[in-house]
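**Q** quick one, fold the following:
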Amino acid sequence: MAQLVSAWASGAAAAGDHPHDAAWLYRWHLGWLVGHRFLILTYRGRRTGRRLQTVLEVMLWDPTTQESVVVSAYGPRAGWYLSIRSQRALRVQTGRLDYRPRQRLLEADEAAGIAAAYCRQHRLAAWLAPHVLHWIGAANADRSAAAGELLASLPMVAFRPSGESKVDDLDEEGESNPGSTGSSR
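**A** Numbers count the residues shown, from 1 in each chain. Okay, the predicted model is just below:
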């Protein structure tokens, strides 16, 4: 069952911001069903200023630091990636975690190590990666390329809890609201 949910959610993640994507799992507080294999990223659109969300597959989850590493399948031109480069992400939900993130862009050598580990741990996904990335029109998606090299060539971002404020303490504009009582999850 988990593989079926995972396969469906990965297809939704690749499809982008469609209303039938896996975001409903998180809206209904069911993100724990897919564990830390996916996350939902809330960010502010760089052009519209609106709060937007997208579901991303997690390439690496570190339970010690609670850090999730994701890849921008559409390369450096993906909307969410461009937006978080101009202003930091507002919220990350993964598994049962819901937090205001601290983010960092990964260097090429760290990305290569993570891509290699991902390919070892997820052989089927690694085998499919070049085909799926080519099918969605991702940047430089050569179907004959090795999955590890292809994934390592795409931008990767790491998110971890910042400890700044509870997510419930954010108002609609994503700004801190010190008067809010909030609740921790």
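
**Q** hey, which helix or strand in this structure has the poorest pLDDT?
**A** The weakest-scoring helix or strand in the chain, judged by mean pLDDT, DSSP states H and E, is helix 2-15 (a mean of 41).

**Q** what does the next helix or strand after that helix contact?
**A** Using DSSP states H and E, the next helix or strand after helix 2-15 towards the C-terminus is helix 23-27. Defining contact as C-beta atoms under 8 Å, 6 or more residues apart in numbering, one finds that helix 23-27 is touched by Ala9, Gly31, Leu33, Val34, Ile40, Gln53, Thr54, Val55, Gln93. Yep, even glycine has a C-beta here, placed from its N, CA and C like the rest.

**Q** now, those residues that are in strands?
**A** Per DSSP state E, strands hold the following members of these: Ile40, Gln53, Thr54, Val55, Gln93.

**Q** what's across from the residue most central in space within the chain in the sheet?
**A** Residue closest to the mean C-alpha point of the chain, counted by C-alpha atoms, centre = their mean, is Leu56 at 3.3 Å. Beta bridges link Leu56 to Leu39, judged by DSSP bridges.

**Q** tell me how far it lies from Arg85.
**A** As defined by C-beta to C-beta, to the nearest Å, Leu56 lies at a distance of 15 Å from Arg85.

**Q** what residue ranges in the protein score low on pLDDT?
**A** 1-22, 138-145, 165-185 (pLDDT under 70).

**Q** tell me which residues touch the closest residue to Trp127 other than its chain neighbours, please.
**A** Distance criterion C-beta to C-beta, 6 or more residues apart in numbering; nearest residue to Trp127, sequence neighbours excluded, is Ala147 at 6.8 Å. Ala147 makes contacts with Ala115, Cys119, Ala126, Trp127, Ala129, Pro130, as judged by C-beta under 8 Å, 6+ apart.

**Q** inside helices: which ones of these?
**A** Ala115, Cys119, Ala126, Trp127, Ala129, Pro130 (DSSP state H).

**Q** which of those sits closest to Gly163?
**A** Nearest to Gly163 among those: Ala115, at 28.6 Å, using C-beta to C-beta.

**Q** so that closest one touches Leu151, yeah?
**A** Yes. Counting by C-beta atoms under 8 Å, Leu151 is a contact partner of Ala115 at 3.9 Å.
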